[in-house]
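Asks: What follows is a protein structure lacking sequence information:
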């Protein structure tokens, strides 16, 4: 092109591309491996940082993993530049879920930005916080969402609504009520953008909490046209469900008329008997049975769901479910339905096809039957949209047209097929045309079908022939006109050879025969000549499926008229002659047909048919297909009274003695009269209009049918959480308080009797004594001391372990324990009580001997050539450096040969030993860290005999509490690479302290240094089930819970048990208020890490354990919290 100017098409294309790139950021995609990104992120200029962040986002868009820049990006989160901050938030939002622990480093900046004056910054901060999917920060995010839900900025409130589903996905059961309350607040917002996002949150969080919708129903309907398009779709579905759940279905709607038609004995009479539900006049030529049955199925599938509806096979259940007329109300007397229909009407002409479908679905279900026609033109207008949208719309129109054919009967020309339509669209249009054909339009539709039959796509031509058959079944008057055309297919020369299926012509013939077969079944006697023509064409038709259907008609109509019985002898002889060359399905039909003819035969032909059957059975007995052989054996045994061969005589002893029984069974199997049946709908599984399930023909994730009509009214007392629940809770609290006071009065003497034993129940001294004997210590296993503030003032030395039990028995102590008012006591009443909850401290003896550390597999015998290596973390402290973690490793020889030279070394050091010394220019800070080795040299195991086990202690310095350490294991001169995975529970060391020190340190680490999470603990239930036959005491239950929790904690982390406080409650089975405290300090920083467990629940039921960690190291504390919660939830090894 223009060679004289030296220009080509390629150079001109490049030049135009360069022109269009001017002034854009397209150059960022040119060099994906740019090494200048890291220096730019550390630059002092915002423009360079912005350039680097844009390059990172460009790499993300191209699919590159740039998470290695995460630390450098995070430190820029505190920038003052809005452009840089926005890019940082976009980067963090992309990688927050993949690297949540590093993202936690910027939590403080996020919280600070939530108070920024710029609403964009507040929204960005909230979006990023919600994108960090961690349970530990969920309470912080929840508080932020509560704050932003009342923000003056619309955009911030919308972001708060979008954050609610992310919070709900974390399964925060304890905060579900708070999340639903926020949803209700946002649904009451005056901004349409916020309402749309709130509707999406409602659908995800609490889709059945209809009282939230009832409070704002009218305003939601009025704001519906102004909501964004995708919000409109969700809000329409919510409002529809609310109206049905609260008011039921509309009496004048098609749903009611469909149910009424099902209940009527005759569809036509039923429609005439009730003038309200009379169908349009142009629907009079449609078979009432077929329409009524399908229409009833549509209405029931909407409410029950296809699975539940199809599972009910009893007709009685159908009638009973369809006759619940009390669930219908008139649209004239229901203002809620009126408002919904009025507010969805403008959406018929929305630019979004999904919105139009959603609005059409509401009118299809709720509008009076006379107004349903309003949905027709909007739906037909959607057929001019894209191919994908066109397919979705046609899937829904297909159901509408089958349930109510008159709705689209006048618009049949809109469903004519274009040459550019895909096969799927063509098939849907064919089915719709066959469903809406009437006497006035059938000729035009059949003329159109004639062109479709000549289409090069023979599969589509076969579908057209099937559609012609459906039309003829619905309109029997046209059967005689079209039957000749269908019979013409059976006489085409292409079907006289075995190659008819090469170009898809076989499908056309099969559909033609099927259509003829369905027409004949409606009036067999009137189509005797058609059957004879088909029988005569058997010799020319070579398609197996078509031959099988014709042979079936021979047996089914063998006694029809006068001509067919005369042809049977010749036809059966012909079938027997060609039996060996037939296909499988044809052979099976030949066997069935001969049996049918034989059972109905009389007179002279009976002997001929018996001989034919015997001959065919002998051929089938030697057939290569086992189905044919099995069928032949069955028939031979069943029809023994007709067969007289020698083989049968030999087997006479094995035949049933009652020949009549065999004959009766054969007649039941082969002579069952087939009733004329209506064609079954193409789609048995019908779902709500506009749903994804209606397209894929199965219940998509999240699909729910319509609620039961008037279910909200029936459950009003339960769903009214604002009024009734508050009243009930108040009454329960009053009852509890009354029962508490009564139980205190009843049990006060028992306390005076058994306080010396340290238990509130009888027999506690025996248990305490036995427990102390098991420990072998002189100190008792359990020591009771009052830890109330009043008692501390009176007995300052009570915590030393030498508790004066006589003083504990005083009225003052009992008043403190039982939470009575000191003023009621006869002793000193001048001091006011500051105790809100009294508790007794349980001093558990040294239980570390019972602690069983969790074992991990380092190498299995399969990969280790017979060497099995396990390890567990030890609570011992290293004598080399406080940064080292002690690990006990056991080596076991599972092979039959001895092993030698077993040792573990650091993989990095082993690699560096073969190379020259490096890193001579390290800084002083790095030298101090390098002084501590990654792995202290392990004593080598020189020999390990078969079956022998030896243990070594490793001292390891992990680089991170989440990253495994690669080690090299040498055995018999071979090198194996193994991974030693860290346990964050042993990155701390036990720090003994008393309760007062614990409380003081805990008070110094509030707010952002405090992390909480709840879980369920069940180990104590399994322990208590072992001793069900024994007389269990309350003391035993509390002791079992305390021991189980303490052992679980000490088995999974290097902690020190500080105290166990047991509440003194009137309900002896209630463990609520039980508190365990553990203390430790981090190895690397020596900063304290305090753990508090608080128990709620009954001793005999699963307990709710609240875990609280106070630690200055945010990331470490959050990860340790996850580790503790996971260890409490998982069952103990002894319980597995």
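Replies: Yep, that arrived. Quantities reported herein were computed from a predicted structural model and do not represent experimental measurements.
Asks: where exactly do the helices run in the stretch 551-700 of the chain?
Replies: Ranges of helices in the stretch 551-700 of the chain, per DSSP state H, counting those that start in this stretch, are 563-577, 584-600, 605-621, 626-638, 646-650, 659-670, 692-696.
Asks: helices or strands up against the first one?
Replies: It refers to helix 563-577. helix 528-536, helix 544-556, helix 584-600, helix 605-621 (3 or more CB pairs under 8 Å, 6 or more residues apart in numbering; DSSP states H and E). Every residue, glycine included, has its C-beta placed from N, CA and C.
Asks: Could I get the average pLDDT for that helix?
Replies: Confidence over helix 563-577 (mean pLDDT, whole number) is 89.
Asks: Of all the helices of the stretch 551-700 of the chain, which one is nearest residue 136?
Replies: helix 692-696 (35.2 Å; CB to CB).
Asks: So which bits of that closest one are buried?
Replies: Buried residues in helix 692-696, counted by 16 or more other CB atoms under 10 Å: 693, 694.
Asks: Show me what that helix is packed against.
Replies: Against helix 692-696 (3+ CB pairs under 8 Å, 6+ apart) you get helix 387-403.
Asks: Can you tell me what sits against the helix it packs on?
Replies: With contacts defined as CB atoms under 8 Å, 6 or more residues apart in numbering, helix 387-403 is touched by 254, 258, 291, 294-295, 298, 353, 357, 360-361, 364, 375, 379, 382-383, 385, 407-408, 421-422, 424-425, 428-429, 431-432, 435-436, 681-683, 686, 689-690, 694-695.
Asks: Next secondary structure after it?
Replies: Per DSSP states H and E, helix 387-403 leads on to helix 423-436 as the next helix or strand towards the C-terminus.
Asks: can you give me the angle that next one makes with helix 387-403?
Replies: Here helix 423-436 runs at an angle of 20 degrees relative to helix 387-403 (axes from the mean of the first three to the mean of the last three CA atoms, to 10 degrees).
Asks: Just the residues contacting helix 423-436, thanks.
Replies: With CB under 8 Å, 6+ apart as the criterion, helix 423-436 contacts 387, 390-391, 394-395, 397-398, 401-402, 405-409, 412, 415-417, 421, 445, 448, 452, 457, 459-460, 463-464, 467-468, 470-471, 474, 682.
Asks: just how off-centre is it within its chain?
Replies: With CA atoms, centre = their mean, to the nearest Å as the basis, helix 423-436 stands 34 Å off its chain's centre.
Asks: likewise stretch 438-449?
Replies: 47 Å.
Asks: That one: which residues count as buried?
Replies: Quick answer for stretch 438-449 (16+ other CB under 10 Å): 438, 441, 442, 445, 446, 448, 449.
Asks: what do you get for stretch 133-152?
Replies: In stretch 133-152, counting by 16+ other CB under 10 Å, buried: 133-142, 144-145, 148-149, 151.
Asks: Looking at the residues you listed, spot the one nearest residue 1126.
Replies: Checking these against residue 1126 with CB to CB, the nearest one is residue 135 at 10.7 Å.
Asks: quick one, what contacts that closest one?
Replies: Per CB under 8 Å, 6+ apart, neighbours of residue 135: 170, 172, 1013, 1122, 1125.
Asks: Are any of the contacts of helix 387-403 buried, and if so which?
Replies: 254, 258, 291, 294-295, 298, 353, 357, 360-361, 364, 375, 379, 382, 407-408, 421, 425, 428-429, 431-432, 435-436, 681, 683, 686, 689-690, 694.
Asks: Which parts of the stretch 901-1050 of the chain are helices?
Replies: Ranges of helices in the stretch 901-1050 of the chain, per DSSP H, counting those that start in this stretch, are 907-912, 924-930, 995-1003, 1019-1026, 1034-1052.
Asks: what mean pLDDT does the fourth one have?
Replies: Here helix 1019-1026 scores 69 as its mean pLDDT.
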